[in-house]
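Q: My questions are about this predicted structure, shown below with the sequence.
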Amino acid sequence: MAYVHTFDLNRVGRDFVVGDIHGHYTKLMHALDNVAFDAGQDRLFSVGDLVDRGTENEPVVNLIGTGWFFPVCGNHDDYAIRYHRIGRMDEDNYRRNGGSWFIETSTDKREKLVAQLERLPMAIEVATINGRIGIVHADVPCRHWNNLERYLTSKSGRQRVMWSRDRFERQDTTRVDGVDHVIVGHNCHPDIITLGNVHHIDTGGWLPDEHKGHFTLLEISKPGLL
């Protein structure tokens, strides 16, 4: 399977990208209702982290393969895969980071969930009216987008795509060459933050209500992203 999946221009509907979901299916559906999302012609791309922290993990995972929902693999999705396939990990740490639901799920059900998560690419590229838009969970591990597929053949490259916080913590405005925009999640913040041509859109839709987070649905199919 290619690490980077590409999508042609959507000529019949709209395209959106959503921030980290973390098992909050109902909140996600409400956000889609608010933009009158039409699953027959619109597409929803996701920066990953479909699971953990929330209570509706299975319904979120089951959106994979619907024909309108296209996520990349986030570090929490990878956590579930590694826990099931390898098992050699810090279970207490996994629980602290929202993995109790998966640990306590039957082996057969875990297998079905992991089989779906293993279909996820590390990155997505979408053709839009705004040019080439790249989607990864955390950051791009190379200076030029066209080199990403090669970088992702290494474990370290895949880890950086899913885990790196360097750009966000350093407020690094260096652009990623070879792509017009990159959209990421992983770092939660009340508002969208743009660094160079990288847009951080995890605005905490998965947080408890008292934190007043919300799901950002960034429409990439209309002129101008922000």
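A: Good, I have the coordinates. Numbers count the residues shown, from 1 in each chain.

Q: any idea how far the closest residue to residue 7 other than its chain neighbours is from residue 119?
A: Using C-beta to C-beta, 6 or more residues apart in numbering and skipping the chain neighbours, the partner closest in space to residue 7 is residue 126 (4.7 Å). Every residue, glycine included, has its C-beta placed from N, CA and C. According to C-beta to C-beta, to the nearest Å, residue 126 stands 18 Å off from residue 119.

Q: More neighbours: these two, which one.
A: Applying other C-beta atoms under 10 Å to residue 126 and residue 119 shows that residue 126 carries more neighbours, namely 25 against 12.

Q: Return the residues in contact with the more buried one.
A: Contact analysis of residue 126 by C-beta atoms under 8 Å, 6 or more residues apart in numbering lists 6-7, 15, 45, 132-133, 135, 220.

Q: For the residues you listed, pick the one with the most neighbours.
A: Within the contacts of residue 126, residue 135 tops the neighbour count with 28 neighbours, counted by other C-beta under 10 Å.

Q: Just the element for the closest residue to residue 114 other than its chain neighbours, please.
A: Spatial nearest neighbour of residue 114, excluding adjacent residues (C-beta to C-beta, 6+ apart): residue 84 at 4.6 Å. Assessed by DSSP states H and E, residue 84 sits inside helix 75-85.

Q: just the CA coordinates of that helix, formatted as CSV?
A: Only the C-alpha atoms of helix 75-85 are listed here, as CSV (Å, rounded to 0.1, in the frame of the first residue of the first chain):
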residue,chain,number,x,y,z
ASN,A,75,-0.5,8.3,16.6
HIS,A,76,-3.5,7.1,18.6
ASP,A,77,-4.7,4.9,15.7
ASP,A,78,-1.1,3.5,15.5
TYR,A,79,-1.2,2.9,19.3
ALA,A,80,-4.2,0.6,18.8
ILE,A,81,-2.6,-1.2,15.9
ARG,A,82,0.6,-1.8,17.8
TYR,A,83,-1.1,-2.9,21.0
HIS,A,84,-3.1,-5.5,19.1
ARG,A,85,-0.4,-6.7,16.7
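
Q: Next, the buried residues of it.
A: 75-81, 83-84 (16 or more other C-beta atoms under 10 Å).

Q: distance between the following helix or strand past that helix and the chain's centre?
A: Next in sequence after helix 75-85, counting helices and strands by DSSP H and E, comes helix 91-96. The chain centroid and the centroid of helix 91-96 are separated by 21 Å under C-alpha atoms, centre = their mean, to the nearest Å.

Q: Just the residues contacting helix 91-96, thanks.
A: 79, 83, 102-103.

Q: Any chance of those in CSV with distance to residue 54 and pLDDT as columns?
A: Below are those laid out as CSV (distance: C-beta to C-beta, whole Å; pLDDT from 0 to 100):
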residue, distance to residue 54, pLDDT
79, 14, 94
83, 17, 93
102, 12, 96
103, 15, 94
